Each structure stands twice: as structure tokens, then as C-alpha cells.
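Chemist: Task: produce atomic coordinates for the following.
(3 chains)
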Amino acid sequence: MALQLTEELNPEQADAAAAIYGPLLIIAGAGSGKTRMITYRIAYMLEQGIPQSEILALTFTNKAAEEMAERIQLVTGRPLKKLTASTFHAFGLSVLKKHGSLLGYAQHFTVYDQQDQMSMLKAVLTELRIDTKETDLYELAGTISAVKTGRAQFSGDNLSIRPIFEEYNAHLKLYNAVDFDDLIMQPLALFSRNPEVLEYYRKKFQYILVDEFQDTSLQQYSVVKQLAEKHRNICVVGDDDQSIYSWRGADYRNIIKFEEDFPECREIKLEQNYRSTGSIIKIANSLIRNNTNRKDKNLWTGTGNSGIIALFHPEDEQEEADFIGDKIRELLIRNHLRYDNFGVLVRTNNLITGIERAFLAASIPYKVSGGQSFFQRKEIKDVISYLRILANPDDDMSLLRIINTPKRGIGKSTLEYLRGLSEKHGYSLFSALTAVSHAADVSIRESIRIKASELVEHIENYKRLVFSSKKFGPIVSDMLSSISYKNHIIAEHPGNENLAQWKMKNIDIFINIINNWENNPDSMKKGLYDFLNSISLKGKSEPDQERGKVNLMTIHASKGLEFQTVFLAGVEDHIIPHKRAIEENPESIEEERRLFYVAITRARENLFMTSARTRKVMREQTDSQPSRFLEELPKDVIGKVKEDTVADSSAAADYFAGIRARLGAGRD
DNA sequence: TGGGATGGGGTTTTT
DNA sequence: CCCCATCCCA
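Modeler: I've put the predicted structure just below:
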């Protein structure tokens, strides 16, 4: 293979890629070729004869993990079956699967996502006879998570939560389920209680790489720190300016901790930006300068000041969406671009809908990432719940979802009775259902008993089939037709044929996902358990990665991506910086600024920002103020386009952009 | 008792 | 605008 690092990389990148022994901290600015460097680094390690199985590459999102594996494969040209490139949570899951029995975990547990968590929390509250209306479930879940991960302790003002906390965890155990926090915390518990397990992983993973280090939580850092403490071959890559997950426990102070824990570490900065024009870098630098808590860094680029940076003040969100649509059309034709050259970024999910509608009306092909994940859609979640019940009948939350979907006449009071039964005997809802279905019970009407036993039989039957057949995909579609799930969808949406059709299409897509997953020869994993594990951690993955579509997403979801032209919508003061974030913690203004920074630096050439004068908030059209961050951008760069002359001055700039495109400067 | 109708309310970001 | 909770009717 003979890699020539110095030919493929700039001096700093090559330096970083070749320093494979000892601790290394890499500060990688936006667009500085970080992924490229990492790819070559790992390829170089493999070339040096380091076995794939000794490398652990951890990232933050699935997207990043997949991309990393893909790129390395591309450079090295060899299959990477033994390389571990995954998210922290997926890694934690694999540890728990392998050694979880030491902590009393059954072999096949269910991973609860936030939705499941919330509904379980609700169930816990009802059981404890606590009014669910009086409690802020959101806040409660946050506190539980904070306590669980050691970010908070029980003290005077939240002591009342303790019984809920304990009941919550007891429920997880009873249902044979774990939540996302468990995927980090339980491996840590395992390491401290069973040093031989820690030793096993220390030996196994001699080389550790952490990407997006600024987004790791203290607990996640603790995991890798423990793993690397002995061999000290650990490389962390991050950019404190792009730390945007502090609300979830991410702590950029990890960078400082790393320097303390590994005092002999080298530090390399990647500051040359290969992505954006000089103007984009200029406004990005000018913005981020206003943050106080950051490593000194100077992002620069050799590219000139081309492209358009424009601010537009539409009257309302309707005009904003239309403007974006029109502009995309215009640039598309003029600059010979493709739809997927455009990224439309927003701060909050609910802003996506309006733009989506405008695109729909204008027949602009688009795809939404972020927002509600495919796997969280109601109809998909229903199907997943059926699968989860087959895999783990004790999973009460999933059973609750499907017990009366489609309608079986098992309603509120029957459920109440079943719940009482399971509480009394300390077993799961499914056990209660089974008990009821087997024996006549005075409290249960015979017709309902029959329904219950039909359901139990149905589950048992398909459970058998799913595990005895070679492929479970066809069994799943068979099961869905046996319960007439599609009829159920139609019945659920009277008078909304389109919606029903769309949902049915989603079901078909889901079945296809199963089949593709099962038939993928590269995958070593097979069977229902592995499938469920793989999707439970895929919060936001996209089933259709079709090209040729405008990318519509939240800023958070856009991290790591780049677009020739970026539209940043809703650049208003209550949206970014987000009103509630600031109210909760005034210090988060810096994180909001980083968000803005991330958004800007996604653009290669053109950046259009829109700040509507009014916006509909809860049915009411309310006045909006331009984001305060706009004042931190240099006027002369933005000045190219003034609000009321968007069309004219951008036309001039477009003209030049068009010429550049024809000269072949713009590529994709 | 279950299911349909009606009214009220509405998560910042994600594993 | 859509989802959920609650209420009331069959």
C-alpha cells in the first residue's frame, strides 16, 4: 500500500497521523480536514502492522462512525471486519452484552430510547400515585439522568425525586431494559467492580481514538481514560468551538482534564480550513472571537473572498420559506448545481415543517434529517414494539404499545387489572397476560380472556417462527399481515388517504431495511437480537440516502457536514440564541454562539441568512428581533446584499459565482 | 368497558 | 397543525 502521508496531508495533518504512540491531543478547526487526517492515521496504523482488532475508534454519532469506517476502507482497500469504530453508546452496549451478566443483566435486554423512557416514567408516577399533570416530566427525566450519570446528587431540593428514581431503575430491571445512560454508566460500574473485565479491554484495545472529543461527557471520558491509562496510546480529536452538546452532559473541560491526566501528551493544531471561502472564515472568526472560554486558535484559508453572504428579512415564515425555495431554484439553474448542494439549517425542529411545506408546494426535492427519526415514527415504533416483545416479552413498555394495537378490545380497565396483577406478583405484564389467558378469572370477561389468549398465542407462535427460521424479515411481514396492521393504519386515519398511504410505505421501507440488513454479507451480525440492538441506537439515521435532494435539518444534525450553499433560517433572537436556553442558564449564550458558528462553517461558498420580522408562535403572529449574533459579524462582508435588494446584488454576485463554476472552481 | 368525539396544549438540541 | 387526554356515549 505504501502510504505517503506527507503527500496526502499537510504538515500538521501528517504529523498528527504519524504520531501513533503516546497520548495526543488534536485541536481540529472546522473544515480542517480532520476526517481525512483520522482516516490516514488509522490506515497508517494498519500499514505499520497494528491489528485491526487492537484499534478502538469512538465517535459521537452513528453517522460519524459509519463514515469513518467507510473512508478507512476506501483508503486501505481492505475489509475492516475487526476494527471497532462505533459510538460510545454502541460500545457500551457491546460491553454490557458481553459482560453484563456480571451485573445481573439477562442476555437479551431492550434498550429504551427517550420515548420509552418517558412513558415508563409516566407509568412509574401513576404507580406511585403522583399526579402526572403537576410534574414536569421533561425536567424530571433530566434530573434522573443527571443523578444517574453523577452530574447531580440528591440534595435538599430534589430529595423528593429519590423514590421515583429508585422505582424507575427497578422498573428497568424488571422489564429487562436499559436506558441510554446505562450504556455508559453500567460499563463503568463493571470496570470498577470487576477489574478483570477492565483488564480484558485494556489488553484488547491498545490504540484508542476519540473523535468529537469536545462532545464527550465526563463519564464517557472516564471510560476511555481507564482503557488507555496503561498503554497510553490515546488520541483525542476535537474542536472546543464546536462543542454544542453540553445540555446532554458534554463537557469541553475534558480537553483540560486530558492534558492533566496525560501530561506527556503532544498537542497539534489543525488550523487551515479547506472548506470555505475567505469571507465565510472571516465572519466565523469574527463571531467566535466573542466567546471567552476557548482555546486560542486561528482558522485561516488560502481561498479568496468569493461567494455570497447575504441577510434577508422576510415578513413572516411563509415568505422566508418561499425565499429559500426560490433562491435554490435560481442558483440551481444559474450555477449548474444539484439539489444536494444545498443545506437548509434551522435551530429548532419545529421550523423544519414550514420550510418543508414550501418545498412540497414548489416541488423541490428535499430530505429531512434530524426531526423525527424514521425509527421513532408511530407506525414504525409499533412494529418495533412487536419485534421487541418477540425478543423480550418482559418489556412492558413495548407490550403496552401493542396490546391494543390494532384494537383488540383490551382497554383501560383490563389493563389496569393486568397491571395490578403484575405489581402484586412482581412479574411482567406479559406474564400477567399469560396467567389471565390460561385460567378463568372472575375479574376478566370471557370475551376478553379469549382475546388475551389469542394475543399470547400469537406472540408465542411468531416468537418461535422468528427464531427458528433462517431469515426473520419475511416472518415479520407475515406477522404484520396476520394482524392486518395496514387495515389498522387506514382505520386510524379516516379521510386522510395520503397519510395512511405514506405510513404504509414506511412500513414497507422498514421491512426492506430488515431484509437488507439480513442479507448484507458484510455484516457478521444476524438475527432479531442484533437487529434490534442496531436500530435502538440509531436515533436519527436516514433510510433513504438518495442524492439529488436539498438537505433540511437542525444545526445540531449538520455537524460534520458541508454544503456549497447554506441557508440559515430563523436567525432571530429568541430562536438563536434560544430564549429558553438562555433563561435556564445565561452562560449558555456561548454554546448558542458555537451553534451559530457551526452553522456558518458548514458553507463552502454561499451563506444566506434569513431573519423574519414576524413569526407564528403558537397560533399567534408575533414580532421577531434579529439575532444579536448578527451584530458580531463584520458589516463589510455581509454588506454585499442588503435586505431590500436581495435579488439585485445577489444577481451580481451570482454572475461571478456562475463564471467561477464554469471555470471549474466549484466542484463537488 | 371500550371506542370515538372533543378540547386543550405544545420539548432546543440527541445517543 | 397535530397529538394527547379526558369525557361521554353505545
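Chemist: List, one by one, the residues from the stretch 451-600 of chain A near DNA strand B.
Modeler: Within the stretch 451-600 of chain A, the positions lying close to DNA strand B (CB under 7 Å from any atom of the strand) are A:491, A:537, A:539-540, A:554, A:556-557, A:578, A:580-581, A:584. All C-beta atoms are positioned from the backbone trio N, CA, C, and that covers glycine.
Chemist: okay, the residues you listed in JSON lines with neighbour count, pLDDT and distance to residue A:19 next?
Modeler: Shown next, in JSON lines, are these (neighbours: other CB atoms under 10 Å; pLDDT from 0 to 100; distance: CB to CB, whole Å):
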{"residue": "A:491", "neighbour count": "12", "pLDDT": "78", "distance to residue A:19": "62"}
{"residue": "A:537", "neighbour count": "20", "pLDDT": "77", "distance to residue A:19": "31"}
{"residue": "A:539", "neighbour count": "17", "pLDDT": "55", "distance to residue A:19": "34"}
{"residue": "A:540", "neighbour count": "19", "pLDDT": "50", "distance to residue A:19": "33"}
{"residue": "A:554", "neighbour count": "21", "pLDDT": "88", "distance to residue A:19": "35"}
{"residue": "A:556", "neighbour count": "18", "pLDDT": "88", "distance to residue A:19": "31"}
{"residue": "A:557", "neighbour count": "20", "pLDDT": "85", "distance to residue A:19": "32"}
{"residue": "A:578", "neighbour count": "18", "pLDDT": "89", "distance to residue A:19": "39"}
{"residue": "A:580", "neighbour count": "11", "pLDDT": "82", "distance to residue A:19": "43"}
{"residue": "A:581", "neighbour count": "19", "pLDDT": "83", "distance to residue A:19": "38"}
{"residue": "A:584", "neighbour count": "11", "pLDDT": "77", "distance to residue A:19": "40"}
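Chemist: Among these, which pair sits farthest apart?
Modeler: Greatest spatial distance in those: A:491 and A:584, 42.1 Å, computed using CB to CB.
Chemist: want to throw the residues of the stretch 451-600 of chain A next to DNA strand B into TSV with distance to residue A:81 and secondary structure?
Modeler: Output for these, formatted as TSV (distance: CB to CB, whole Å; DSSP: H, G, I helix; E, B strand; the rest coil):
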residue	distance to residue A:81	secondary structure
A:491	46	helix
A:537	20	coil
A:539	25	coil
A:540	26	coil
A:554	34	strand
A:556	31	helix
A:557	29	helix
A:578	43	coil
A:580	45	helix
A:581	42	helix
A:584	45	helix
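Chemist: residue boundaries of the strands in the stretch 401-550 of chain A?
Modeler: With DSSP state E, counting those that start in this stretch as the criterion, the stretch 401-550 of chain A has strands at A:550-554.
Chemist: How about the stretch 101-250 of chain A?
Modeler: Using DSSP E, counting those that start in this stretch, strands in the stretch 101-250 of chain A cover A:110-112, A:177-179, A:207-210, A:234-238.
Chemist: looking at the ones you listed, which is buried most?
Modeler: strand A:234-238 (a mean of 25; mean count of other CB atoms under 10 Å).
Chemist: Point out where the stretch 101-250 of chain A drops to low pLDDT.
Modeler: Scanning the stretch 101-250 of chain A for pLDDT under 70 picks out the ranges A:134.
Chemist: distance of residue A:182 from residue A:626?
Modeler: 43 Å (CB to CB, to the nearest Å).
Chemist: Those two: who's more crowded?
Modeler: For residue A:182 versus residue A:626, neighbours defined as other CB atoms under 10 Å are more numerous around residue A:182 (25 against 16).
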